[in-house]
Structure formats: structure tokens, C-alpha cells
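Colleague: Predicted model follows, preceded by the sequence.
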2 protein chains.
Amino acid sequence: MKAAHSKKTGCRNPLHSQERILEAALKEFAAKGFAGARVDAIAGRARINKRMLYHYFGDKKGLFREVLRRKLAERSAWLASAPEPLIESLPFWFHIACRDAEWIRLLEWEALQWGERKVIDESHRRENAVRAIERLRQQQAKGLLSEEFDPGQLLLSMMALIAYPLAFPQMARLITGLSVSDPDFQRQREAFLHQFAMAFQPRPAIAGPQGRPERSHSWKSALK
Amino acid sequence: MKAAHSKKTGCRNPLHSQERILEAALKEFAAKGFAGARVDAIAGRARINKRMLYHYFGDKKGLFREVLRRKLAERSAWLASAPEPLIESLPFWFHIACRDAEWIRLLEWEALQWGERKVIDESHRRENAVRAIERLRQQQAKGLLSEEFDPGQLLLSMMALIAYPLAFPQMARLITGLSVSDPDFQRQREAFLHQFAMAFQPRPAIAGPQGRPERSHSWKSALK
DNA sequence: GGGACAAGTAACTTGACAGTTACTTTTACT
DNA sequence: AGTAAAAGTAACTGTCAAGTTACTTGTCCC
């Protein structure tokens, strides 16, 4: 009876408090960066006292690290969730990235603040990168992708095409005249990335227009 | 006599002081961002008193703006200096960007700190963007570039391919295993961008391998 | 119920930093 | 030379924010 209250709905719920802190911290860090973020603001947003925040996470940097670590774990499913041909899923990745611009911003703040110095354990990241490169290699071996390109550089370029407009929204707006958050912009970019991916495939030597038909937008239905 | 001394070599040289401040500010802001930068550090680096800094530039934000404005003006010559076919000059742009990573970082800090809110007058920027898009359109009209691609999205993508590795060095290192500042990395990326640009050109319908020979690396000699 | 410990609060300390003030030195002009 | 304005300095002020301390409230178990 009492236990039920304490475990679920009670104001005293450490795990729930920690979740609230992490959520608030993600928003604050993504919006203002490490230096600009205010611990008091995070505590306020999480409706918790600063004291508890320090109790759970040690210090500001520890909190940042934890936020980053969590997001990383959450996002490591990306590669696995993408439909087979890696380049064809560019629009899919972009679509997902748009729904979670905070993630991109967090990475960007990390990049700027600490450059190449690692701020969290990177084994997961490295693993994912290696796996993606391996997939590109396999596609090259199967002849689905020209072998002249270095798979690493290719992967880097794919990430660039996805992340750049979100990381530099002022540039995107300057060039296209649309705000990055405008659905029109997102549709436009998705369409471009689709065309791009198609153009990048090695031309099927002899196959006619029916060669490999309409697998294009499968990911859209896969989402809902 | 006295005038000559005062104008050129004297410790009292306002213009020279301002130059030193701007130089120091560029380094500090690029390294630590607006929130992380310390006015005292800038003053110290410029071997000048804080008072004068405030006298010349009003406040911290004014100084940041001026640094940004200057760099923008300095860089607006880029487009003009690029050899004709815009996509072919990708490696050239990347090469230049590498020599001036501070510029990219400054833009990145700006993007994160203020998002799409403009922090300086953007007419120059807009003008350059419009000009570049116009050039791409002309190339499409001439049949040098497939017309299926939106020129704006294409320009955005070119900037992405150039800036992303410099803006997210941790990603570049994760994927390629090389530091962005490593000359090997830079060579590798330049080579990739070159291949990429070639692959992107519409296939010359009938022309043999001699179709349009070896204009490829002209920009390298043009630099020295 | 009572005591031990976990969760929570508010007020405080300490240091850092943007911006200022009161003052001195150099240059420019007559 | 004399003087006014520009260029420069060091020490100061007020604010803000990270991290701490001393204290209160709720929870769990006997």
C-alpha cells in the first residue's frame, strides 16, 4: 500500500528525478552548449534542487557526459534500422535526424568544446562506424557501388549531407530561403538526397527503366 | 620626424592595436566560442589593456561581430577565385578551408549560439550565395550539369562536403582513423572530392577518355 | 513508534568575469 | 613650450553562477 505509493507516484522517486534531470539537461545543453548552460536552469526545469543534481551526477561535466552517453546509446540503433542499401537510405537518415535536431546540436557543441579529445567512452561509436564501413565494402564487392571510392570518405560524406543543414541552419536558410524547421525544406532535401543516391549508383550496364523498380520510398511506410 | 615615428613604429598605434585585438579575438572565439571566450584572455594575447578593447569595440558581442564581419569580407573572394566549373573546384575549396579552420569554427559557434538569428549584416553572404547558385544554373543550361538537381540543394551539399570534417573532427577521426589536421587526411579527402566531382558530371555522351583532359589539378599550381 | 538513512530544501561561499572609473602618458596642433 | 585630446594603465565594482553546508522531511525496517 504505502510501498506502491512510494515506488510509483510519490514525489520522492530518485529514478524519476534523474530522468527529469537528464531530460532538462539535454534541452539546456543542446540549446546553449556546455559553457552557456546554467545548472540552475537545468535544476529549475527538472523541478529539482541543485543539491540533488550534484548528488546524482557529480558535476556539470559529469552531467553533460551522461546526457551524451545516453543519446549515443539511443542512437546506436540507427544503422541497424536502416534498410539495406546504405546510400539509398540517405533520405531516411535525414528524416530521422530532423526529428531529433537536439542530438546533432549536442554533437556539434561537443566537437567545438573538446575538438578531437574524447569526452566519453567511444567504443560504441567506433563499433558503429566500423560496421557501416564494412557494409559499404560489401556493397562494393557485390558491384552495387563503385569501388573507386574510399568507404570511409564516403561514409563521412553521407553524414555530412545529413548533418550539415541541421548544424548550420543559417547557411541552409541563406541558400534555400527556407527555415530548416520548415517541412517544405525537409521535403525538398529528402527529395534531393533521393535523387542524389540514385545518381550515385553505378549505372546498371544494360538494364532498362524496369531494372530495379520502386524500392525508393519504402522507409516512409516503415516508420509509421 | 616625430610624425614618422608615431605613425609607424610607435607603441601607440591605434590601428595596429585594433589589428592585434581582432587577431587575438579570432583565436579566442574560434577556440572557445562566445560564451567560453574571456575578454581578459583576448586583451592579454593582444598585449593591450581591456579598457582600450572596450573603447574600440563597445562590448564583447561587438567584438565578436567585427571578427565575423572581417572574416566574411575576407572570404567573399572565394567564389570569385575558384576556377570555372563549380563542382570541380570542391577539392580547391576544401584545401583552402583546411588552411583556415578557424573560419569554419567561428561559423559553427555562430550557428549554435544564435541559430538562424542574424548576428551581422548578411547582404554580402546572400549576394555570394545567389551568385554561386546562378553559376550552377548556367552550367545546367550549358549541359555541363544535370538539370534534375536543385541548384540550392546542390550548393548546400557542396558546402557540407567541405565543412563537415572540419566542423566535426571527432567524426572524421572516428571514421578514417586520421586526425583532420593530418596532411594525409587532407590529401585523402581532396582525392575523394576530386573523384566525386568527376563522378557527378553527366557522362559525356560519346566522348572517349580524351574528351576533356587533365584540367583537374590546375588549382594546385594556381595557389603557389 | 523510533531510529537510521535517503531525498530534498534554501541560504551561503567563493571565484570568475564583463564592464567601469580615476588616473597617467603620449601625440597633435598652435 | 603649452594644452587639449587621444591612448594607455591598474585597480575596482557588481553580478552571476558553480559548487557546498547546515538543516528538514519523508521512507523503510525493526
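Modeller: That came in fine, so what should we check first?
Colleague: Please make it C-alpha for all contacts and neighbour counts, starting now.
Modeller: Will do.
Colleague: Does anything pack onto the helix ranked longest in chain A? Which helices or strands?
Modeller: Ranked by residue count under DSSP state H, the longest helix found in chain A is helix A:14-36. Here helix A:14-36 touches helix A:39-45, helix A:50-57, helix A:60-75, helix A:101-114, helix B:14-36, helix B:101-114, going by 3 or more C-alpha pairs under 8 Å, 6 or more residues apart in numbering or on different chains; DSSP states H and E.
Colleague: ok, A:G58 to A:E23 distance?
Modeller: Shown here: A:G58 relative to A:E23, a distance of 17 Å by C-alpha to C-alpha, to the nearest Å.
Colleague: Please identify which of the two sits among more neighbours.
Modeller: More crowded of A:G58 and A:E23, by other C-alpha atoms under 10 Å in any protein chain shown: A:E23, with 15 against 12.
Colleague: can you pull the pLDDT of the closest residue to that one other than its chain neighbours?
Modeller: Using C-alpha to C-alpha, 6 or more residues apart in numbering or on different chains and skipping the chain neighbours, the partner closest in space to A:E23 is A:A46 (7.7 Å). pLDDT for A:A46: 93.
Colleague: what does the one 4 residues further on give?
Modeller: At A:K50, the predicted lDDT confidence score is 93.
Colleague: Over to A:L72?
Modeller: Note on A:L72: pLDDT of 88.
Colleague: cool, and A:S157?
Modeller: pLDDT recorded at A:S157 is 97.
Colleague: show me what contacts it?
Modeller: B:A160, B:L161, B:Y164 (C-alpha atoms under 8 Å, 6 or more residues apart in numbering or on different chains).
Colleague: Which element, helix or strand, includes the second one?
Modeller: I take that to be B:L161. helix B:151-167 (DSSP states H and E).
Colleague: so the residue nearest to A:E23 sits right up against A:K27, yeah?
Modeller: No. If you go by C-alpha atoms under 8 Å, A:A46 and A:K27 don't touch, sitting 10.6 Å apart.
Colleague: Tally up the residues packed near A:H55, please.
Modeller: Using other C-alpha under 10 Å, A:H55 has 9 neighbouring residues.
Colleague: tell me the pLDDT at it?
Modeller: 93.
Colleague: Would you confirm that A:I87 contacts A:A197?
Modeller: Yes. Counting by C-alpha under 8 Å, A:A197 is a contact partner of A:I87 at 5.7 Å.
Colleague: mind checking which helix or strand of chain A has the lowest mean pLDDT?
Modeller: One helix or strand of chain A scores below all others by mean pLDDT, DSSP states H and E: helix A:2-4, with a mean of 33.
Colleague: So chain A: which segments form each domain?
Modeller: Domain assignment for chain A, taken from automatic domain parsing, gives A:12-70, A:76-203.
Colleague: Spell out which parts of chain A neighbour DNA strand C.
Modeller: A:C11, A:R12, A:N13, A:P14, A:S17, A:R47, A:I48, A:N49, A:K50, A:R51, A:M52 (C-alpha under 7 Å from any atom of the strand).
Colleague: 10 Å instead?
Modeller: A:6, A:10-18, A:40, A:43-44, A:46-56 (C-alpha under 10 Å from any atom of the strand).
Colleague: Check those residues for burial and list the buried ones.
Modeller: Among those, those classed as buried by 16 or more other C-alpha atoms under 10 Å in any protein chain shown are A:S17, A:Q18, A:A43, A:A46, A:I48, A:K50, A:L53.
Colleague: before we move on, back to that, could you tell me the least trusted of the domains of chain A?
Modeller: When the domains of chain A are ranked by mean pLDDT, domain A:76-203 comes last with a mean of 89.
Colleague: That one vs DNA strand D: in contact?
Modeller: No. Residues of domain A:76-203 are not located near DNA strand D by C-alpha under 10 Å from any atom of the strand, the shortest gap being 15.1 Å.
Colleague: So what's the gap between that domain and the chain middle?
Modeller: 9 Å (C-alpha atoms, centre = their mean, to the nearest Å).
Colleague: quick one: terminal-to-terminal distance for stretch A:161-176?
Modeller: 15 Å.
Colleague: ok, residues contacting it?
Modeller: Under C-alpha under 8 Å, 6+ apart, the answer for stretch A:161-176 is A:90, A:93-94, A:97-98, A:101, A:104-105, A:108, A:178-180, A:185, B:108, B:111-112, B:115-118, B:125-126, B:129-130, B:152-153, B:155-157, B:160-161, B:164.
Colleague: Just the buried subset of those, written out for PyMOL, thanks.
Modeller: PyMOL command restricting those to the buried ones, with burial defined by 16+ other C-alpha under 10 Å:
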select buried, (chain A and resi 90+93+94+97+98+104+105+108+178+179+180+185) or (chain B and resi 108+111+112+115+116+125+126+129+130+152+153+155+156+157+160+161+164)
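Colleague: quick revisit: for the buried ones among the residues of chain A next to DNA strand C, which one is nearest DNA strand C?
Modeller: Among those, A:I48 lies closest to DNA strand C (C-alpha to the nearest atom of the strand), at 4.3 Å.
Colleague: element containing the closest one, please.
Modeller: Counting by DSSP H and E, A:I48 is found in no helix or strand.
Colleague: Hmm, it is touching A:S17, no?
Modeller: Yes. Counting by C-alpha under 8 Å, A:I48 sits close enough to A:S17 to count as a contact (7.3 Å).
Colleague: what's near enough to touch A:R189?
Modeller: Here A:R189 is in contact with A:P91, B:Q153 (C-alpha under 8 Å, 6+ apart).
Colleague: what do you get if the cut-off is 10 Å, keeping everything else the same?
Modeller: A:R189 makes contact with A:91, A:94-95, A:161-162, A:165, A:180, A:183, A:195, B:150, B:152-154, B:156-157, according to C-alpha atoms under 10 Å, 6 or more residues apart in numbering or on different chains.
Colleague: quick one: what helix or strand has it in it?
Modeller: Here A:R189 is assigned to helix A:183-200, by DSSP H and E.
Colleague: What angle do helix B:183-200 and that helix make with each other?
Modeller: 90 degrees (axes from the mean of the first three to the mean of the last three C-alpha atoms, to 10 degrees).
Colleague: C-alpha coordinates for helix A:183-200, PDB please?
Modeller: Taking C-alpha atoms only, helix A:183-200 is exported to PDB below (Å, rounded to 0.1, in the frame of the first residue of the first chain):
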ATOM      1  CA  PRO A 183       8.500  21.000 -43.600                       C
ATOM      2  CA  ASP A 184       9.000  22.300 -47.100                       C
ATOM      3  CA  PHE A 185      12.700  22.400 -46.600                       C
ATOM      4  CA  GLN A 186      12.800  18.900 -45.200                       C
ATOM      5  CA  ARG A 187      10.800  17.500 -48.100                       C
ATOM      6  CA  GLN A 188      13.000  19.300 -50.600                       C
ATOM      7  CA  ARG A 189      16.200  18.000 -49.000                       C
ATOM      8  CA  GLU A 190      14.800  14.500 -48.800                       C
ATOM      9  CA  ALA A 191      13.900  14.600 -52.500                       C
ATOM     10  CA  PHE A 192      17.400  15.900 -53.300                       C
ATOM     11  CA  LEU A 193      19.100  13.200 -51.300                       C
ATOM     12  CA  HIS A 194      17.000  10.600 -53.000                       C
ATOM     13  CA  GLN A 195      17.900  11.800 -56.500                       C
ATOM     14  CA  PHE A 196      21.500  12.000 -55.300                       C
ATOM     15  CA  ALA A 197      21.600   8.500 -54.100                       C
ATOM     16  CA  MET A 198      20.100   7.300 -57.300                       C
ATOM     17  CA  ALA A 199      22.600   9.200 -59.400                       C
ATOM     18  CA  PHE A 200      25.400   7.800 -57.300                       C
END
